[in-house]
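1. A predicted structure for the sequence below; I have some questions about it.
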Amino acid sequence: MAEALAGMRVLVVGGTSGIGFACARASLDAGAAAARVVGRDATRGAAAAAALGPRAAFLRADCADTDAVERMVADAEAAMGGIDGLVCAPGTTHLPELLHRQPLSAIREALTLDLAPVLYCCRAVLPGMMARRAGAIVCVASDAGKIATPGESVIGAGMAAIVQFVRGLAIEAKRDGVRANTITPSLVEGTPLTERLMGEGRFSAKLFAKARTLAHLGTTTPEDVAALAVFLLSPAAGRITGQAISVNGGISAA
């Protein structure tokens, strides 16, 4: 995979930590000419860009804001001369909880913050990719969008929406040479979200402790997801579009 993305210009939303950062690093390791990582925290973004090296830079944006997304994509296009690949991994900051315990306001917030950045960023990069008649989009959702799990009814609704959105995008964009796929992990070790899941919520800690026991192939790491993202961005996956692929170590056959 050393030259799998040779010359590509990659934009990574949520690229300052966790899965997104691993995807940015793997893209550069695979020969990407340039990467831009996007996040809301300037300090963390600067640290991520420094760790990724001279072909990377940080763009600050709240990707739940349409104007911010349009500015960010325009800046990335101008800086890199175009965007060949988008990895959209904004993640979620919401812990699993039984539905009857969630305030209505929390449901609205969860769906807005989990779903909107994916839709906005994909829409914003699409015209440039269509004009060049080439591009690859990889969105990171969750197996919660495929498997009904207690405590993940709201999270799962957002993740299922991402999966179906990407399928529709793939069918719409295929005539213009643009591909789109989704990766759906379950428990991913070594991410800020998993640390919160295991440390803050009694319900979520029990839920994901059980999931760990089912991952007989080993629990998923950010690098596992990143390896698949690089493949899906690469010409080797040139006939693959509209798919939602699980990476979960055997927790389920989602």
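-> That came through fine.
2. now the helices for the chain?
-> Taking DSSP state H to define them, one finds helices in the chain at 18-29, 42-52, 66-80, 104-132, 153-173, 192-199, 202-214, 222-233.
3. what angle do the second one and helix 18-29 make?
-> Meaning helix 42-52. Orientation note: helix 42-52 sits at an angle of 30 degrees relative to helix 18-29 (axes from the mean of the first three to the mean of the last three CA atoms, to 10 degrees).
4. if we can go back for a sec, need the winner for burial among the helices of the chain.
-> helix 18-29 (a mean of 26; mean count of other CB atoms under 10 Å). (Glycine included, C-beta is placed from N, CA and C.)
5. still on that earlier bit, got CSV for the helices of the chain, with mean pLDDT and distance to residue 251 too?
-> Below are the helices of the chain laid out as CSV (pLDDT from 0 to 100; distance: least, CB to CB, whole Å):
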stretch, mean pLDDT, distance to residue 251
helix 18-29, 97, 16
helix 42-52, 97, 28
helix 66-80, 98, 32
helix 104-132, 94, 20
helix 153-173, 96, 15
helix 192-199, 65, 13
helix 202-214, 69, 5
helix 222-233, 97, 13
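6. switch those helices over to a markdown table; also include distance to residue 183.
-> Listed next are the helices of the chain as a markdown table, based on distance: least, CB to CB, whole Å:
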| stretch | distance to residue 183 |
| --- | --- |
| helix 18-29 | 9 |
| helix 42-52 | 20 |
| helix 66-80 | 21 |
| helix 104-132 | 12 |
| helix 153-173 | 10 |
| helix 192-199 | 15 |
| helix 202-214 | 17 |
| helix 222-233 | 6 |
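7. skipping adjacent residues, who's closest to residue 112 in space?
-> residue 64 (6.1 Å; CB to CB, 6 or more residues apart in numbering).
8. run a quick neighbour tally on that neighbour.
-> 17 (other CB atoms under 10 Å).
9. with residue 240 instead?
-> 15.
10. re earlier: out of the helices of the chain, which is closest to residue 10?
-> With CB to CB as the measure, helix 18-29 is the member of these nearest residue 10 (4.6 Å).
11. how much distance is there from the closest one to the middle of the chain?
-> 11 Å (CA atoms, centre = their mean, to the nearest Å).
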